[in-house]
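In: what's the 3D shape of this:
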Amino acid sequence: MKEHLYIVIMAGGKGTRFWPLSRGESPKQLLNICGERSMIQETVHRVLPLVPTDRILVVTAAAHADEIRRQLPNIPDRNILEEPVGRNTAPCIGLAATHLARRDPDAVMIVLPADHLIKDEEPFRETLIHAAQIAEKSANLITIGITPTWPETGYGYIQLGDAREYPDFKSYQVKSFREKPNAESAEEFIKSGDFVWNSGMFIWRASTILANIERFLPRIYRQLLQIRVSIGSSNEQSTLNRIYPRIEPQSIDFGVMERSSNVFSLRGNFRWNDVGSWNALGDVWQKDEHGNACYGKPAISVNATKSIVFSPKKQVALVHVDNLIVVETDDALLVCRSDKAQDVKKIVELLEEKGMTELL
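Out: Below you'll find the model as predicted:
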C-alpha cells in the first residue's frame with residue numbers, strides 16, 4: 001500500500017478570521033504563528049515519515065503558488081496544483097484526485113488541511129495509516145474524528161454508529177454530520193459519547209472519491225474530466241483557467257460526505273487544534289500567571305486576565321479588562337472580545353465593501 005500512498009494538502013484558504021495578520025498575499029497557512037515553521041511547513045514536516053516528497057501534493061491559490069514553492073523547495077513543481085480561483089473543498093479535492101488517478105490508478109489519498117496544529121505526531125500518523133489500510137481495500141470514504149475534550153461550538157461534529165473491529169483499531173460507520181451547534185447541543189453531544197469533532201481530514205482511493213463526485217456532483221465531475229484530458233499537454237494551464245472558474249463552489253462535506261452511506265470514521269486520539277480563529281491561540285501560546293497568551297512582547301497587565309495579544313513591536317498594556325483579543329500590525333489594530341473571534345471575518349467583508357483593498 002505504501003507505494004500507492006499520497007498526501008494532498010489543501011492550502012487555498014484565505015484565513016479571514018486571522019485578519020489583520022492574515023492577508024491576501026500572506027494567508028494563515030503561510031505564517032509561523034504556532035512555531036518556528038509556517039503552518040504549511042509544519043504540515044509537510046509531520047507527514048514526511050509516511051511518504052517521500054514526490055508523493056506530496058499541494059493545492060493552493062495561483063497567487064500563493066510562488067510562496068508555496070519558496071517555503072517547500074523539496075516538493076516537485078508538478079505537485080503544486082494552482083487553483084485559478086477558490087471553489088471550496090470538493091473541486092479542490094477533485095482536482096487533486098484527477099491528477100493522482102491519472103498518475104497512479106491505485107492511488108490512496110490522505111487529504112489534510114494546511115493550517116492545523118497537531119501535537120502528538122506519532123499517534124496522528126498511526127491513525128492515518130490505519131485509515132489508509134481501510135481505504136485501499138474498500139470503496140469507503142474515511143474521515144478522522146477527534147475525541148472532544150470540551151463542548152466546542154465552533155467545530156462541526158460527527159455522530160458515530162456501529163463499530164467495525166480490526167486487529168489494532170476500530171472504525172465507526174457515520175450516522176450523521178452536524179453543523180456547528182449551539183452551546184446546549186454541544187453539551188448534549190459530549191454527554192452522549194458518540195460524537196466526535198469533524199477534523200476535515202479525509203482518506204480514500206482517488207478512484208473512490210471521483211466515483212462519488214460523479215454520483216453526487218455530476219456537473220463538477222464532467223468539468224474535472226475536461227481538465228483531466230488536458231493534463232500534461234501544452235494547453236493544460238489554459239484549459240484549467242477556462243474550466244475551473246465555471247465550477248460551482250461546493251464543500252466536500254455537504255456535496256459528498258453527508259450524502260453517502262459508505263462513510264466511516266476513525267477516532268483520532270491526539271491533540272488537535274484547527275487554529276480556526278485568534279481565540280484558538282490561547283491554547284497554543286504560553287500563558288502568563290494571569291492567563292494572558294502573548295506573541296511578541298509580554299503584555300503588562302493590571303487586573304487583566306485571559307486575553308490574547310499579538311504585538312511583535314509595541315508594548316501592550318491591559319488594565320481591568322478580560323477575555324480580549326488584541327492584534328497589532330504595521331497598518332492595523334484589532335480589538336475583539338474572545339467569544340466573538342469568529343466574527344473577525346466580518347471585518348474583512350466590510351473592508352471589501354468599502355474598497356479598502358490596501359488592508360486586505
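In: what ranges do the strands span in the stretch 151-300 of the chain?
Out: Secondary structure of the stretch 151-300 of the chain by DSSP state E, counting those that start in this stretch: the strands cover 157-165, 170-178, 195-205, 263-268, 272-273, 293-296, 300-302.
In: can you redo these as CSV with distance to Asp115?
Out: C-beta: built from backbone N, CA, C; applies to glycine. Shown next, in CSV, are those (distance: least, Cβ to Cβ, whole Å):
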stretch, distance to Asp115
strand 157-165, 20
strand 170-178, 21
strand 195-205, 10
strand 263-268, 17
strand 272-273, 10
strand 293-296, 16
strand 300-302, 29
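In: Contacts only, for the residue positioned nearest the centre of the chain.
Out: Central residue of the chain (Cα atoms, centre = their mean): Pro113, 2.9 Å from the mean position. Pro113 is in contact with 9-10, 13, 43, 200-201, 274, counting by Cβ atoms under 8 Å, 6 or more residues apart in numbering.
In: One more: Tyr6?
Out: Tyr6 neighbours (Cβ under 8 Å, 6+ apart): 51, 55-57, 100, 104, 107-110, 206.
In: Buried among the residues you listed? Make that a PyMOL selection.
Out: Here is the PyMOL selection string for the buried members of the contacts of Tyr6, based on 16 or more other Cβ atoms under 10 Å:
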select buried, resi 55+56+57+100+104+107+108+109+110+206
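In: Inside strands: which ones of the contacts of Tyr6?
Out: Per DSSP state E, strands hold the following members of the contacts of Tyr6: 56-57, 108-110.
In: of those, closest to Asn74?
Out: Relative to Asn74, the closest of the ones in strands among the contacts of Tyr6 is Ile56; by Cβ to Cβ it sits at 8.8 Å.
In: ok, and the closest non-adjacent residue to that closest one?
Out: By the measure of Cβ to Cβ, 6 or more residues apart in numbering, the closest residue to Ile56 outside its immediate chain neighbours is Ile7, 4.7 Å from it.
In: any idea whether that neighbour is helix, strand or coil?
Out: Under DSSP: H, G, I helix; E, B strand; the rest coil, Ile7 falls in the strand class.
In: Look up how far Cys92 lies from it.
Out: Using Cβ to Cβ, to the nearest Å, Ile7 is found at 14 Å from Cys92.
In: again, but for Leu5
Out: 19 Å.
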